[in-house]
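Novice: please find the sequence and the predicted model below.
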Amino acid sequence: MTLKNFIVFEGIDGSGTSTQIKKLVERDLNKFVATAEPTKKETGLFLRKMLGGDFSVDSKTAAYLFAADRCEHIYGKDGVIDLLNQGKIVVSDRYFFSSLAYQSVSCGNELPRLLNSQFPLPEILFYFYIDPEISLKRVEDRNEKKEIYEKIDYQKKTAALYEEVINEYSKPELKGEMKIIKIDASKSIEEISQIIWQNVQGMY
Ligand code: ADP
Ligand code: TYD
């Protein structure tokens, strides 16, 4: 199943998804709504603590937690479905593709696939690809406390798994269900913003 008017941005840390979502939403603040995973709900705040290193969980538990937060994001009060029903175009920073990449690095791909197999597809998926050395440098230049996955080895493995996942979802059978746009995230902020706008403009 596909959720019409639901747009997802994916990529490793520092690839620039937050920057682009902000620019897209600012084009029409009445129509676009930005959301993100982890969410700002209790489930997401719990995950933020885990990502910040306040506590650690088994890698399989992390896969369950991200999936539970996702369930709130989509089906919970004021979640994606509610917003779509209000006529909004919902733009999310990360979705289940993040779990298929990040969690699969540490717990294998079986459990993340199982836990995420029932979530609806977005209408458009923007996938930002970039050399992990460049994106991690951007993260470091932000001068914020690093989260647990923001290490070069983990980012490289995640990038490789993202490629696999994107290839898998690019298969012809899924063509009518979700449009995948690959973005060279080493381009300038303005160039990327134009490419995104060209692909989204037709939605209204
Ligand atoms: P993400 O949300 O994917 O982690 P951000 O959008 O927060 O990434 O960007 C990370 C950092 O890189 C920010 O400081 C941002 O200003 C910068 N940045 C974003 N896009 C680009 C780009 N295309 N070129 C150079 N720097 C960028
Ligand atoms: P995000 O807020 O996008 O990172 P940033 O601090 O760069 O803005 O995402 C937080 C982290 O959570 C990021 O390292 C990716 C990770 N994550 C997963 O591992 N699995 C998931 O399912 C999701 C949604 C995020």
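Specialist: Thanks, I have the structure now. Ligands and ions are numbered 1, 2, ... in the order given.

Novice: quick one: average pLDDT of the helix or strand hosting Thr35?
Specialist: Using DSSP states H and E, Thr35 sits within strand 32-36. On average, the pLDDT along strand 32-36 is 98.

Novice: which residues of the protein lie near ligand 2?
Specialist: With C-beta under 6 Å from any ligand atom as the criterion, the chain meets ligand 2 at residues 13, 18, 37-38, 51, 66, 93-94, 98-99, 102-103, 147, 149. From N, CA and C alone the C-beta is placed, and that goes for glycine too.

Novice: filter those down to the ones in strands?
Specialist: Taking DSSP state E, the ones among those that sit in strands are Asp93.

Novice: just to revisit the earlier point, sheet partners, orientation included, of the strand holding Thr35?
Specialist: strand 89-93 (parallel) (DSSP bridges).

Novice: which residues touch the strand it pairs with?
Specialist: For strand 89-93, contacts defined as C-beta atoms under 8 Å, 6 or more residues apart in numbering pick out 5-9, 17-18, 21, 24-25, 31-37, 73, 80, 83-84, 122, 200, 203-204.

Novice: ok, 6 Å please
Specialist: With contact meaning C-beta atoms under 6 Å, 6 or more residues apart in numbering, strand 89-93 is reached by 5-9, 17-18, 21, 31-36, 80, 83-84.

Novice: residue contacts, the residue in the chain that ligand 2 sits nearest to?
Specialist: Closest to ligand 2 within the chain is Tyr102: 3.1 Å, counting by C-beta to the nearest ligand atom. Applying C-beta under 6 Å, 6+ apart, we find Tyr102 in contact with Tyr149, Thr158.

Novice: who does Ile183 form a beta bridge with?
Specialist: The partner residues for Ile183, given DSSP bridges, come to Phe128.

Novice: that's a strand at Asp153, yeah?
Specialist: No - read with DSSP: H, G, I helix; E, B strand; the rest coil, Asp153 is helix and lies in no strand.

Novice: give me the number of residues near it?
Specialist: Taking other C-beta atoms under 10 Å as the criterion, the count of residues near Asp153 is 9.

Novice: and for Glu191?
Specialist: 12.

Novice: whichever strand or helix holds it versus strand 32-36: what angle between them?
Specialist: Glu191 belongs to helix 189-200 when assigned by DSSP H and E. Computed by axes from the mean of the first three to the mean of the last three C-alpha atoms, to 10 degrees, the angle separating helix 189-200 from strand 32-36 equals 110 degrees.
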